[in-house]
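1. 3D model of this:
(4 chains)
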2 protein chains.
Amino acid sequence: MKSVTIKDIAKMCGVGVSTVSRAINDKPGISAETKEKILKVIEESNYVPNNSARNLKRSENEIIAVLVQGINNSFFNPIISEFEKFIQEKNYTFILQQIDEYKDEVSVALELEKEKKLKGIVFLGGMFHKSKTKLDKISVPFVLCTVSAPEGKNFRGVPSVSVDDEKESFKIVDYLCSLGHKNIAIFSSTEVDEGIGYHRMQGYKKALKKNNIAYFNTNVYNLLDGNERYSEKSGYITAKKMLKSESKCTAIFAVNDSVAIGACRAIYEAGFNVPGDYSVVGYDGLDISRYYIPSITTIRQPVEEMAKAALKILFKMINGEESINQNIIFPGQLIIGESTRSI
Amino acid sequence: MKSVTIKDIAKMCGVGVSTVSRAINDKPGISAETKEKILKVIEESNYVPNNSARNLKRSENEIIAVLVQGINNSFFNPIISEFEKFIQEKNYTFILQQIDEYKDEVSVALELEKEKKLKGIVFLGGMFHKSKTKLDKISVPFVLCTVSAPEGKNFRGVPSVSVDDEKESFKIVDYLCSLGHKNIAIFSSTEVDEGIGYHRMQGYKKALKKNNIAYFNTNVYNLLDGNERYSEKSGYITAKKMLKSESKCTAIFAVNDSVAIGACRAIYEAGFNVPGDYSVVGYDGLDISRYYIPSITTIRQPVEEMAKAALKILFKMINGEESINQNIIFPGQLIIGESTRSI
DNA sequence: TTTTTATATGATTTCGTATTCATAATACAC
DNA sequence: GTGTATTATGAATACGAAATCATATAAAAA
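-> The predicted structure is shown next:
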């Protein structure tokens, strides 16, 4: 069952292979009629050019890799979906790879880049706090999505698309304060330097400060480790821990909606009520946060737009069109749900 | 910035390219010391063999494609994640492609197969009801995951991994009956022949029959079309429709958990209570169904196991190890939550 | 020692396509 | 009508690795 090659087509048409090649690739130097004839024969013989041979000759693959930390995180769903559609549309091959949290993202990227001759890379999420390898070792275009480029020197000039986590966190915690909450717990990952956790914590601190509320270490609850970190389970367990302690908190800022929902469950099981006894806010603006009862007060991230923007930057870089170093900050939107109340 | 090739390595080692090739690919006909020396040089020069060239020579790619209908569906998350891990582990390239509902899945697969020289295909979800092209045109190994192979002749002998949707649906609807419900609405997709919708509907009908309950067309509610079909929104809108009608239903069998949760929201907004006024059951056993308040009575599908089983079958076929035509049926598990009560 | 066999190795060919180069055919300018 | 530019085309080569083939060397058998 050997497949038909360009040679076969050439023979069938009574022309040379280069002529066939010209027809396939819309190259000049071929008459309209010859081209038409060839294309017709190709159509009929259902010939498809061998990708490996093409790529070998062109010394590049039309592959864009998306490296993501935790496919399971449903926040990424619409983003990945958008990536897939867009990349497919541009006739690139879309490959998806998870990166374990403890791995050096950059070296994974480097290896992949060489092995697969990538055209571009999107980092989706990720923290880079453990990446010893510097991003500038990557020689193909890449962009960070949903990760604001930290100030560290490893990230200088790295194109990225994100919302301003610190600002948005500030916004939502400030909103809690405006409702009269003075004891606000934060459920996050507290490791220094970790992208999301760090920025959201900063926003939290700033909001407290602005509202003249003292910051207490004891109000900071660290989520589970590893893949479960941002899950309902993580929020559930962390809230249980909090409820068992003699915390005086009246509100919880959860690092994302899933964690918030998990927390709500723990509160419910402890015989309390949201927002009656505890106000709970999330982050991300997942679909579920709208339909959950009570609907979750959250920060909506414009995920589809962000995904599109990231790929636009990437394609521009691939085409060498414009200056790199674009850092697009999208505005988040405070969505006031039923999970918060004034006290 | 041209990359180092096998020739360069050969030159650096003072040997021929074939010797280098032998060293790389663990082929016989090379002395241990030469091999060691070469591998060392390769290590140092961080040479990576060009994939296209390899694949061209071997006339095959180490690619496994996963074709999925609706990446957005969070039911697929853990499955895709599992696929990715497993495929990566076996040193294959993992490519993911969405298939629009209105497209012929099989022709998409065929095109991809030829273009990319795939090693195998997994169909995740999907309905095939609009695929005119027959599955047996696909010449690489493939397997259906979470789709029970329908009886139609197009599917004869097609390996698949699934739960028995009809049986499990029967189970959960029968459970509703056992609680005393006699008017049970079903929220599903009613198009004839559509995989999931069809089987779950059959189970629903059988359960009614067993419990001597008449089947009424009016209790069947069709979900939204297209990508939103299995979403919370779909359940929400459908439930609104039902509540506006003078339906006497006391229970709802939603085609999946997301739809169930959407329905709960509509019930809540109408001033009713789950399970007080309506019992609601879902399907799939998503994480959220455990944490939702009330937790959702559902059928849990063992998704990780199913994913692993599907790939095992696929790899066996790829290695030509065993007889094909395996249809593995996993048992679902009825999880009784708080969203149902006896009346 | 001579012949046979096994082993290690390099030169060469091959995979299927794109591209470069050379050439034939045609159109255009003078 | 001769010379030049233009267009259409096929032959030959390159891409990088793997496999085939031929050969040199060493080891074993005669």
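
2. what does the stretch 201-343 of chain A put close to DNA strand C?
-> On the criterion Cβ under 7 Å from any atom of the strand, DNA strand C has no neighbours in the stretch 201-343 of chain A. No exception for glycine: its C-beta is placed from N, CA and C like everyone else's.

3. ok, whichever residue of the stretch 201-343 of chain A sits closest to DNA strand C to chain B distance?
-> DNA strand C sits closest to A:N319 of the stretch 201-343 of chain A, with a gap of 15.8 Å, by Cβ to the nearest atom of the strand. Separation of A:N319 from chain B (Cβ to the nearest Cβ, to the nearest Å): 18 Å.

4. sec struct for A:R22, please.
-> Here A:R22 is helix, with the state taken from DSSP: H, G, I helix; E, B strand; the rest coil.

5. all strands of the stretch 1-150 of chain A, in order?
-> Counting by DSSP state E, counting those that start in this stretch, the stretch 1-150 of chain A has strands at residues A:63-68, A:93-98, A:120-124, A:142-145.

6. which other helices and strands contact the first one?
-> Translated: strand A:63-68. Under the contact criterion of 3 or more Cβ pairs under 8 Å, 6 or more residues apart in numbering or on different chains; DSSP states H and E, strand A:63-68 touches helix A:77-89, strand A:93-98, helix A:105-116, strand A:120-124.

7. which one of those has the lowest average pLDDT?
-> In terms of average pLDDT, helix A:105-116 trails the rest of the helices and strands packed on strand A:63-68, at a mean of 82.

8. contact partners of that helix?
-> A:61, A:63, A:65, A:67, A:69, A:95, A:97, A:99, A:118, A:121, A:123, A:126, A:128, A:131, A:133-135, A:137-140, A:142, B:3, B:46, B:48-49, B:51, B:93 (Cβ atoms under 8 Å, 6 or more residues apart in numbering or on different chains).

9. quick one: buried ones out of those?
-> A:61, A:63, A:65, A:67, A:69, A:95, A:97, A:99, A:118, A:121, A:123, A:126, A:128, A:131, A:133, A:135, A:138, A:140, A:142, B:48-49, B:51, B:93 (16 or more other Cβ atoms under 10 Å in any protein chain shown).

10. which parts of the stretch 51-200 of chain A sit against DNA strand D?
-> A:53, A:56-57, A:59.

11. most neighbours, which of those residues?
-> A:L56 (20 neighbours; other Cβ atoms under 10 Å in any protein chain shown).

12. I'd like the average pLDDT over stretch A:214-225.
-> 92.

13. near chain B, anything from that stretch?
-> No. Stretch A:214-225 stays clear of chain B (Cβ under 8 Å from any Cβ of the partner chain), getting no nearer than 13.3 Å.

14. got the end-to-end distance for that stretch?
-> Counting by Cα to Cα, to the nearest Å, you get 28 Å between the two ends of stretch A:214-225.

15. who's in contact with that stretch?
-> A:183-190, A:201, A:205, A:208-209, A:229-231, A:233-235, A:237-238, A:241-242, A:247, A:249, A:255, A:259.

16. list the buried residues of that stretch.
-> A:219, A:221-224.

17. list the contacts of A:F187.
-> Applying Cβ under 8 Å, 6+ apart, the residues contacting A:F187 are A:221, A:223, A:234-235, A:238-239, A:252-255, A:259, A:263.

18. go again with 6 Å.
-> A:221, A:223, A:238, A:254-255, A:259 (Cβ atoms under 6 Å, 6 or more residues apart in numbering or on different chains).

19. same check on A:L314?
-> Applying Cβ under 6 Å, 6+ apart, the residues near A:L314 are A:120, A:141, A:143.

20. what segments of the stretch 201-343 of chain A are helices?
-> A:232-244, A:257-269, A:287-291, A:303-318 (DSSP state H, counting those that start in this stretch).

21. which neighbouring elements make contact with the shortest one?
-> By that I understand helix A:287-291. Counting contacts by 3 or more Cβ pairs under 6 Å, 6 or more residues apart in numbering or on different chains; DSSP states H and E, helix A:287-291 packs against helix B:257-269.

22. the contacts of stretch A:214-225, buried ones only, as a ChimeraX selection?
-> The command below creates a ChimeraX selection of those among these that count as buried (16+ other Cβ under 10 Å):
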select /A:184,185,186,187,188,189,201,205,208,229,230,231,233,234,235,237,238,242,247,249,255,259
